[in-house]
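>>> build me a model from this:
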Amino acid sequence: MCPCWNFGAGGAGMKLVAFRFRYFRGISVLMALALLLVGLGATTEVASAASPIERATACGDVLVSGSAWLGGTGVPVRSNGPNMASPDICATNGPNHDGVDSTNPAVQAGSGWQCVELAARLYFVRGWGAVGTVGNGGAAYIPEGSPSLKSYRNGSGYIPVPGDLIIEKATAKNRYGHVSIVDSVVGSTINVVEQNASVSGREAYTLTGSSIAGGYSAVWGVVHSPKNSGDFQVSVAPSTSKVAAGQSAQFSVGSTILAGTAQPLKLLVTGLPPGANAAFSTNPIQTGSAATLTVTTSTTNPAGGTPGGVYELSLKGVAGGEVRTAGFTLQVKNPNTPVLNSAQYTDGGVNLFFAPPAMATGNTIRYYRYQLSFDGGASINYDNIAQDVDSPFVAGGCQVGQVCTYRIAAVVDTGTSAWSNWKKVTPIATPVLNSAKYTDGGVNLFFTAPAMATGNTIRYYRYQLSFDGGASINYDNIAQDVDSPFVAGGC
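Numbering: from 1, shown residues only. As a prediction, the model looks like this:
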């Protein structure tokens, strides 16, 4: 481990060097060490239990991104230069400084990328209190220099939680000590991130009871912020659900306490498609508990219903000022909306002329559903299952003379489209009876034929006969010609 200090905290700081050694041909290890010490001067110290530097990293290189630790809410862990704490220091005025403004603690909370700088920057960004030092500005003095934080000696019974600081003692060869930050506690392993030590920016300690061992020197203890109320994570299952417009999808929402105790957890969903809404069975819940999320799509809002597509949704859980997220997907299959152009009487019912919907990929129209309303009253649902899906199809339920209005919807593999527009049935035009004259075998009825709606054909004429203004008798002129005149019987 390379020694850590924090110029930004007021420590004077001596530049120390950590080495690893191997035999050179013809030169012993001790001789090589002596030559190196002579070259650097008598004031140079060597850190004990040094972490091997296996690769060179430039000043300011990101070793661990902020999204990769502390549940995605950490800060970037950076390299303090190719030789860590060598004289070629990654400081504000050093030759390899990367130009970061050290006057902004959210970006750089000290001089260079020291171990103390990482702790100070994280606590500043999270609002957990000031990480300070006294004495020589080293990490070993954080407990004394941070009065707003709580300190626990190693083995005191306190179990560290994510975000806590593990403090290593100063030694005769490293009088600054070291600090790392807890990322997770898994069984007997404490995973941490750190600067100015391991080239990966990560390290691990062993937890036995409440005693911590490992690192680069003896562990003094743990520093905790009272504002770090605990850590948790949220989850959603299944990760993907498919529905048709108008249908609902249910998801199981879970939460897990990673550190601390249970606390109220507010849930919300972002990224919902148009016309959809989300409802939780319980909200808020306690961290460590679960709820059911129901996402409901629409067939009417917006016009045509929830559009088909793949929607990336995000579950957000908020507790103690902390936010955790989990992503999931909602796939809506909607064949859009058919357009009903006209509704016209025909033999046996009403012909519905329509433009089919533009189908979503992978969907097939199985049949059409239609609704019938009499004179603007309540609707009656019908399924046109047995008939063709081409336009027009014959809808039932309406008799000549009734005021009927229809609308249709396409039924596909994944559900039903939104309802089309309403269309009132086009009345059949009325013929004009010009005269009625006796003829052999009956009465010739001379008339002007009605102007027929497009697609309609006159099959025959029906006539009524009344004697001297009394009750009428109905007759169908089925067998005869439809041209004027035709012969009516009964008189």
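>>> what sits closest to the residue nearest the centre of the chain if chain neighbours are left out?
Centrality entry for the chain: nearest residue to the mean C-alpha point is residue 314, 2.3 Å, by CA atoms, centre = their mean. With CB to CB, 6 or more residues apart in numbering as the criterion, residue 314 has its nearest non-adjacent residue at 4.9 Å, and that residue is residue 270. In short, each C-beta sits where N, CA and C put it, glycine included.
>>> okay, now residue 419: neighbour count?
22 (other CB atoms under 10 Å).
>>> run a quick check on it versus residue 336, I expect a contact.
No: look at residue 419 against residue 336 with CB atoms under 8 Å: they stay out of range, at 11.8 Å.
>>> any idea how far residue 314 is from residue 349?
50 Å (CB to CB, to the nearest Å).
>>> hmm, back to that, what's across from the residue nearest to the centre of the chain in the sheet?
Bridge pairing for residue 314 (DSSP bridges) gives the partners residue 270, residue 327.
>>> identify the residues contacting it.
Counting by CB atoms under 8 Å, 6 or more residues apart in numbering, residue 314 touches 269-271, 325-328.
>>> repeat that with 10 Å
236, 268-272, 325-328 (CB atoms under 10 Å, 6 or more residues apart in numbering).
>>> in those, which has the lowest confidence score?
Within the set of the contacts of residue 314, pLDDT is lowest for residue 325 (89).
>>> so after the helix or strand hosting that residue, what's the next helix or strand?
Using DSSP states H and E, the element containing residue 325 is strand 322-333. Going down the chain from strand 322-333, the next helix or strand is strand 339-346, by DSSP H and E.
>>> off-centre distance for that next one?
Its chain's C-alpha centre and that of strand 339-346 lie 43 Å apart, by CA atoms, centre = their mean, to the nearest Å.
>>> same check on stretch 424-438?
Worked out by CA atoms, centre = their mean, stretch 424-438 lies 64 Å from the chain centre.
>>> buried residues, that stretch. List them.
Buried residues in stretch 424-438, counted by 16 or more other CB atoms under 10 Å: 425-426, 428, 436.
>>> give me the neighbour count for the nearest residue to residue 466 once chain neighbours are set aside.
Leaving out its chain neighbours, the residue that sits closest to residue 466 by CB to CB, 6+ apart is residue 472, at 4.4 Å. Residue 472 has 11 neighbours, counted by other CB under 10 Å.
>>> now swap in residue 380 and tell me
11.
>>> identify the residues contacting the nearest residue to it once chain neighbours are set aside.
The shortest distance from residue 380 to any non-neighbouring residue, by CB to CB, 6+ apart, is to residue 372 (4.9 Å). Counting by CB under 10 Å, 6+ apart, residue 372 makes contact with 343, 350, 378-382, 395-398, 402, 404-407, 425.
>>> downstream of the helix or strand where residue 372 lies, the next helix or strand is which one?
Assigned by DSSP H and E, residue 372 belongs to strand 365-374. Per DSSP H and E, the first helix or strand lying C-terminal to strand 365-374 is strand 379-384.
>>> who does that following strand pair up with?
strand 365-374 (antiparallel).
>>> please work out the average pLDDT along the strand it pairs with.
Mean per-residue pLDDT for strand 365-374: 88.
>>> so which bits of that strand are buried?
Those buried within strand 365-374 under the rule 16+ other CB under 10 Å are 365, 368-373.
>>> over to stretch 66-75?
Quick answer for stretch 66-75 (16+ other CB under 10 Å): 66, 68-71, 73-75.
>>> need these in a markdown table (columns: pLDDT, secondary structure and distance to residue 174).
Output for these, formatted as a markdown table (pLDDT from 0 to 100; DSSP: H, G, I helix; E, B strand; the rest coil; distance: CB to CB, whole Å):
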| residue | pLDDT | secondary structure | distance to residue 174 |
| --- | --- | --- | --- |
| 66 | 92 | helix | 28 |
| 68 | 92 | helix | 28 |
| 69 | 91 | coil | 25 |
| 70 | 86 | helix | 27 |
| 71 | 78 | helix | 31 |
| 73 | 83 | coil | 31 |
| 74 | 91 | coil | 26 |
| 75 | 93 | coil | 25 |
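>>> among these, which two are most distant?
Using CB to CB, those reach their maximum pairwise distance at 71 and 75, which is 12.7 Å.
>>> ok, back up a step: going by distance to residue 256, which of the buried residues of stretch 424-438 wins?
Distances from residue 256 to the buried residues of stretch 424-438, taken by CB to CB, are shortest for residue 425, at 60.4 Å.
>>> so which helix or strand takes in that closest one?
Per DSSP H and E, residue 425 falls inside strand 423-426.
>>> give the partner strands of the next helix or strand after that strand in its sheet and their orientations.
Counting by DSSP H and E, the next helix or strand C-terminal to strand 423-426 is strand 432-439. With DSSP bridges as the test, strand 432-439 is paired with strand 442-448 (antiparallel).
>>> list of residues touching the partner strand?
With contact meaning CB under 10 Å, 6+ apart, strand 442-448 is reached by 430-439, 461, 463, 465, 477, 483-491.
>>> pLDDT wise, what is the residue lying farthest from the centre of the chain at?
Distance to the chain centre peaks in the chain at residue 440, reaching 84.6 Å (criterion: CA atoms, centre = their mean). Turning to residue 440, the model gives it a pLDDT of 85.
>>> so it sits right up against residue 489, yeah?
No: judged on CB atoms under 10 Å, residue 440 makes no contact with residue 489 at a distance of 11.7 Å.
>>> contacting residues for the spatially closest residue to residue 461 that is not a sequence neighbour?
Take residue 461 and drop its neighbours on the chain: the residue closest to it by CB to CB, 6+ apart is residue 477, 4.6 Å away. By CB under 10 Å, 6+ apart, the residues touching residue 477 are 445, 460-463, 486-489.
>>> are any of these buried, and if so which?
Those of the contacts of residue 477 that meet the buried threshold are 445, 461, 463, 486, 488, by 16+ other CB under 10 Å.
>>> picking up where we left off before, most widely separated two among the buried residues of stretch 424-438?
The most widely separated members of these, counting by CB to CB, are 425 and 436 (30.1 Å).
>>> show me what counts as buried in stretch 439-447.
Across stretch 439-447, burial judged by 16+ other CB under 10 Å covers 443-445, 447.
>>> before we move on, the earlier item: using PDB, write out every CA atom in the strand holding residue 325.
Extracted in PDB, the C-alpha atoms of strand 322-333 (Å, rounded to 0.1, in the frame of the first residue of the first chain):
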ATOM      1  CA  GLU A 322     -31.300   7.500  -1.400                       C
ATOM      2  CA  VAL A 323     -32.600   6.400  -4.800                       C
ATOM      3  CA  ARG A 324     -32.200   2.900  -6.200                       C
ATOM      4  CA  THR A 325     -33.500   1.800  -9.600                       C
ATOM      5  CA  ALA A 326     -34.300  -1.400 -11.600                       C
ATOM      6  CA  GLY A 327     -35.200  -1.600 -15.200                       C
ATOM      7  CA  PHE A 328     -37.800  -3.700 -16.900                       C
ATOM      8  CA  THR A 329     -39.600  -3.800 -20.300                       C
ATOM      9  CA  LEU A 330     -43.200  -3.600 -21.400                       C
ATOM     10  CA  GLN A 331     -44.000  -4.700 -24.900                       C
ATOM     11  CA  VAL A 332     -47.400  -3.400 -26.300                       C
ATOM     12  CA  LYS A 333     -48.800  -5.100 -29.400                       C
END
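>>> list the buried residues of it.
322, 324, 326, 328, 330-333.
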